[in-house]
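[1] make a model of this:
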Amino acid sequence: MYGVGVFVLLSVVGIMLWVLFVMPTKCDFEVSGRGCRRNVYGKAIGCHDHDQAKRDAMFAALKMRNPGMAFRVMWLDGARGGRPFGTASGGPVSGYSHVPNRGQALFNLASLFVAIVGSVAGVLALFVGK
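    Just a heads-up that it's a prediction; the model follows:
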């Protein structure tokens, strides 16, 4: 019975990791009221344009700031008054002012948490005697 429980636990963890990081799917980052339709691998991964925003949304769902933001380089355009490239003149200067896809971010974080806890439990179960 002990071996069956470990097998089921590791199977669930494997499936969760596959869904989060390997499964072929769509980006689904909310753009203009609909999800982005670009192909990606894993629900926690975004397309080239939305990958950073998806990570920011996952940290914002935990009420945290993405630690990677400290290492982001903001290339400034001196001709436009020092605003980063790609920002509108009236919009926010850096980052995202809100999290448009909070529900998806919470789902991704919950799935990641379950996968991590299950992985740790599975490894511990292999080393703990009967």
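[2] so how far is stretch 9-16 off the chain centroid?
    Centre-to-centre, stretch 9-16 and its host chain are 19 Å apart (Cα atoms, centre = their mean, to the nearest Å).
[3] quick check: closest non-adjacent residue to residue 23.
    Nearest residue to residue 23, sequence neighbours excluded (Cβ to Cβ, 6 or more residues apart in numbering): residue 42, at 6.0 Å. C-beta: built from backbone N, CA, C; applies to glycine.
[4] just give me the neighbour total for the one you found.
    16 (other Cβ atoms under 10 Å).
[5] go through this structure and flag its longest helix.
    Using DSSP state H, we find that the single longest helix of the chain is helix 102-127.
[6] any idea how many residues pack against residue 45?
    Other residues near residue 45 come to 18 when the count uses other Cβ under 10 Å.
[7] residues touching it, list them.
    For residue 45, the contact set (Cβ atoms under 8 Å, 6 or more residues apart in numbering) comprises 21, 51, 54.
[8] once you drop chain neighbours, what's closest to the first one?
    If the residues on either side of it in the chain are set aside, residue 21 comes closest to residue 42, at 4.0 Å by Cβ to Cβ, 6+ apart.
[9] hmm, the one you found is touching residue 27, no?
    No: assessed by Cβ atoms under 8 Å, residue 42 is found out of contact with residue 27, at 10.3 Å.
[10] low-confidence stretches in this protein?
    1-2, 73-101, 129-130 (pLDDT under 70).
[11] show me where it has strands.
    Shown for the chain, the strands assigned by DSSP state E span residues 24-26, 30-31, 34-35, 39-41, 76-77, 83-84.
[12] tell me how far the residue lying closest to residue 38 once chain neighbours are set aside lies from residue 72.
    Once flanking residues are discounted, residue 38 sits nearest to residue 47: 3.9 Å by Cβ to Cβ, 6+ apart. Using Cβ to Cβ, to the nearest Å, we find residue 47 at a distance of 18 Å from residue 72.
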